[in-house]
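**Student:** make a model of this:
(one chain, ligands or ions: 1)
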Amino acid sequence: MPAAPLFHCSLAAALTLGTAAMILAAEPVSSGPEKAPEQAAEKAAEKAAEKAAEKAPEKAREEAMPVPAPSVMLQPWSGPFGGVPPWNEVRPGEFVADFDQAIAAADEEIEAIANRPEPATFANTIVALELAGEQLDRLETLFDVHASNLNVGPIPDIERTVAPQLSAHADRVTQNSKLFARIAAVYEGQEMASLSAAQQRLVEDRYQTFVRSGAQLNEAEKNQLSQINSRLARLFTDFSQNVLADEQSYVSWIEDPADLAGLPDSVVAAMASAAQDRGRPGQWAVTNTRSSMDPFLTYADRRGLREQVWRRYYQRGDNGGEHDNKEIITEILRLRGERAALLGYETHAHWRMEPTMAKTPQAAMELMLKVWPKAVARVREEVADMQAIADQEAEADGTEPITIEPWDYRYYAEKVRKAKYDLDFNQVKPYLQLEQLREAMMWVAGELFGMQFQELHDLPVFHPDVRVWEVTDRQGQHIGLWYLDPYAREGKRSGAWMNAYRVQSNMDRPVTPLVSNNSNFVEGNEGEPVLISWDDAVTLFHEFGHALHGLRSDVTYRSQAGTNVARDYVEFPSQLLEHWLSTPEVLNRFALHYETGEPMPQELLEKIERAETFNEGFATVEYLASALVDMKLHLAGRQPIDPDRFEQETLAELGMPAELVMRHRMPQFMHIFSSDSYSAGYYSYLWSDALTADAAELFEEAGSFYDPEIAQQLDEHVLSVGDTIDPADGFRAFRGRDVDTTALLRKRGFPVD
Ligand SMILES: [Zn+2]
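**Tutor:** Residues are numbered from 1 along each chain as shown. From the prediction side, this is the model:
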């Protein structure tokens, strides 16, 4: 049974088999209105679930939910294309009972493989595992979309109940001694030499994953490990729910229109709509999310209000009281340290990084510390430019001069952008229509890989906003489906991400991929086009890069399909695709003014290009500060950690400039505390970006991002092969050599020594 076909970073850590499940979120440019789900669970239901979760699993099951008739959610998917997810038939009230049933069925399948009488072979063990657990995978797909896109009503409580059960199931698989003995027999046996390279890699990966998950521990240790994993699953869920609660419950209200000074109309309109949604028509709301905070801090003239909005946002999870995450962090880190020790690793970071491309914490630290001082130096320059403008303003107005504080950075950076590059992003936005940009991405996929997209209107979707396209190749052959869920709503997690409802495979039958892109744009009024920011457009292309990775997949085994690659490699295709947004081919055709239909003027295009690395000091430092703290936290071993103190001391040691903060402060750092997936792994975006920058230069050297030969190489050596080969080999085959990390410095406009 391969990892669940869901790429999710906020569910229980699926440190199951092969590759961990994850959400592929965009970083660091991710934005889009982030709406936090309301914890709308009724008190009684909440209590029942809490009680249930604390009891023995069997008991909890009986009491939490009576077992109904066989659920449609457990059936194989019906419909065209080998079946599609039956979103229209989901009954949230049945999730808990269905998970019981699907987990039990998956357990039985695993037992059957483990207890086979005949000697272990690749087919009867490794392939059998690939084929097992499909029912549970399908159910997880249905549930995970509810947890990330529709997290309202009973869903948070169901998640609290189900996450530890899934974790326990994963442990039962990797701790099954008979099963491990069979995997080891294949791994060490004579058949190995006769297998293909991809098959050998699959066996080795399966073997190593089992070892890393404790397959070689004794029974007492296995028990201890399970307890740690189960407790962590619960803590991860609590951590996320606390962040969501703080995003939901803190809103900055504006009643006086004078306080809107400086804000562009589109931002004011979004704030009015947010207020309306919260029952206060005629006022304006700055919600406690990145997409609300970011434009407000960029444009609002009222400094006091900027500070208020800034403080609320960066204080999420750190407000004391029932939603404070600090104690949870301390416990998570302690348990991770214990687990690493139990498994024989120096630290959690060493354990997590073993299956990555970087392989060791040291390699990741080296790359980060190569970039860090250059980024810090750039911040000093950026601050000096901003301070000069602030001083001039103070002099002109006869006011007291200010010192740039973190709530001033975005605001004065925007003024510097205008002064230095004569570039006002408000002039860009009217050219960035969501629909046109979606067309643009599809056009790019057609140019590069011959992919065609045809919208379908008769497939089930989980919300009326969701749209579906069939993807075909040049010959009209079916490739897969692409789902798009573009708009913010109550109960949708913030940011943007891709997931796979089903990954491509070709074992007993060809299975085509079903992938989805999700974002949080604010839906326009009836008939009005949705305009998005430049950063959001970049993110849109980023997620589409993940989607293409899933759709181009051409492998045999599910565990090796599409985005099931090393964590620090998976952002390479997505970050690479960002580059096509700014190609003249795309902008001239698709960046059309929403009123006049005119393409973006050449002059504006040139300004965007000239300002390409503007404010890169800020972007890199806020990201790297988080990535470095993540790594240092997980290198700290088993010493007890006080989150606030650790954060302050580490940043002081690093020489963090005072004018900005970590992109994700620890009490809100969902990447590393809502699951294991990006823990000791936030560096991955930088690692992948080194590959991206180097790959982009190959297209640049060829004189076009549409060079058919390079596109074909990208498809052949990167996109289609998934995890059938070592990522370093794939990159080398594509690039003709190992990565040159100086390209990363050039991309960000930093000096190369
Ligand atoms: Zn991504």
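
**Student:** helix or strand for residue 163, which one?
**Tutor:** With the criterion set as DSSP states H and E, the secondary-structure element containing residue 163 is helix 155-174.

**Student:** what angle separates the helix or strand just after that helix from helix 155-174?
**Tutor:** Remark: after helix 155-174, the chain's next helix or strand is helix 177-188, criterion DSSP H and E. Put simply, helix 177-188 runs at 60 degrees to helix 155-174, going by axes from the mean of the first three to the mean of the last three C-alpha atoms, to 10 degrees.

**Student:** just the buried positions in helix 177-188, please.
**Tutor:** By neighbour count, and taking 16 or more other C-beta atoms under 10 Å as the criterion, the buried residues in helix 177-188 are 179, 180, 182, 183, 184, 186, 187. Glycine gets a C-beta too; all of them are placed from N, C-alpha and C.

**Student:** ok, stretch 443-455 next?
**Tutor:** By neighbour count on 16+ other C-beta under 10 Å, the buried set for stretch 443-455 is 443, 444, 445, 447, 448, 449, 451, 452, 453.

**Student:** what subset of these is also close to the ion?
**Tutor:** The subset of the buried residues of stretch 443-455 within reach of the ion, counting by C-beta under 5 Å from the ion, is empty.

**Student:** contact partners of the top strand by length along the chain?
**Tutor:** The strand that spans the most residues within the chain, counting by DSSP state E, is strand 478-487. Here strand 478-487 makes contact (C-beta atoms under 8 Å, 6 or more residues apart in numbering) with 81, 84, 149, 434, 438, 451, 453, 456, 459, 461-463, 465-473, 492, 501, 504, 512-523, 530, 547, 550-551.

**Student:** and those residues, which are buried?
**Tutor:** Buried residues within the contacts of strand 478-487, defined by neighbour count using 16+ other C-beta under 10 Å: 81, 84, 149, 434, 438, 451, 453, 459, 461-462, 465-472, 492, 501, 504, 512-522, 530, 547, 550-551.

**Student:** surely residue 95 touches residue 163?
**Tutor:** No - with contacts defined as C-beta atoms under 8 Å, residue 95 does not count as touching residue 163, sitting 11.8 Å away.

**Student:** mutual contacts of those two, please.
**Tutor:** Common neighbours of residue 95 and residue 163 (C-beta under 8 Å, 6+ apart) do not exist.

**Student:** give me the sheet partners of the longest strand of the chain and which way each runs.
**Tutor:** Strand 478-487 has these partner strands in its sheet, going by DSSP bridges: strand 467-472 (antiparallel), strand 514-521 (parallel).

**Student:** need those strands in JSON lines with mean pLDDT, can you?
**Tutor:** Rendered in JSON lines, the data for the strands paired with strand 478-487 read as follows (pLDDT from 0 to 100):
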{"stretch": "strand 467-472", "mean pLDDT": "98"}
{"stretch": "strand 514-521", "mean pLDDT": "95"}
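
**Student:** closest one to the ion among those?
**Tutor:** When the strands paired with strand 478-487 are compared for distance to the ion using C-beta to the ion, the nearest one is strand 514-521, at 10.7 Å.

**Student:** pull the CA atoms of that closest one into PDB?
**Tutor:** As requested, C-alpha coordinates have been extracted for strand 514-521 and formatted as PDB (Å, rounded to 0.1, in the frame of the first residue of the first chain):
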ATOM      1  CA  LEU A 514      -6.600  13.200 -10.900                       C
ATOM      2  CA  VAL A 515      -4.900  16.300  -9.600                       C
ATOM      3  CA  SER A 516      -6.200  19.500  -8.100                       C
ATOM      4  CA  ASN A 517      -5.100  23.100  -7.600                       C
ATOM      5  CA  ASN A 518      -6.500  25.100  -4.700                       C
ATOM      6  CA  SER A 519      -6.200  28.800  -3.900                       C
ATOM      7  CA  ASN A 520      -7.900  31.500  -2.000                       C
ATOM      8  CA  PHE A 521      -8.900  34.200  -4.400                       C
END
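
**Student:** quick one: is that strand near the ion?
**Tutor:** No - with C-beta under 5 Å from the ion as the measure, strand 514-521 is seen stopping short of the ion, the closest distance being 10.7 Å.

**Student:** off-centre distance for the helix or strand following that strand?
**Tutor:** Towards the C-terminus, the helix or strand next in line after strand 514-521, according to DSSP H and E, is helix 534-551. What separates the centre of helix 534-551 from the centre of its chain is 12 Å, taken as C-alpha atoms, centre = their mean, to the nearest Å.

**Student:** also stretch 252-264?
**Tutor:** In terms of C-alpha atoms, centre = their mean, the centre of stretch 252-264 is set 32 Å apart from its chain centre.

**Student:** that one: which residues count as buried?
**Tutor:** Of the residues in stretch 252-264, those buried under the neighbour-count criterion (16+ other C-beta under 10 Å) are 252, 254, 259, 260, 263, 264.

**Student:** show residues contacting that stretch.
**Tutor:** Here stretch 252-264 makes contact (C-beta under 8 Å, 6+ apart) with 268, 271, 275, 280, 283-286, 288, 295-296, 299-302, 305, 308-309, 312, 426.

**Student:** for the helix or strand encompassing residue 268, packing partners?
**Tutor:** Assignment of secondary structure by DSSP H and E places residue 268 within helix 265-277. Helix 265-277 makes packing contacts with strand 251-254, strand 284-287, helix 290-299 when contacts are defined by 3 or more C-beta pairs under 8 Å, 6 or more residues apart in numbering; DSSP states H and E.

**Student:** re earlier: inside strands: which ones of the buried residues of stretch 443-455?
**Tutor:** Checking the buried residues of stretch 443-455 against DSSP E, those in strands are 452, 453.
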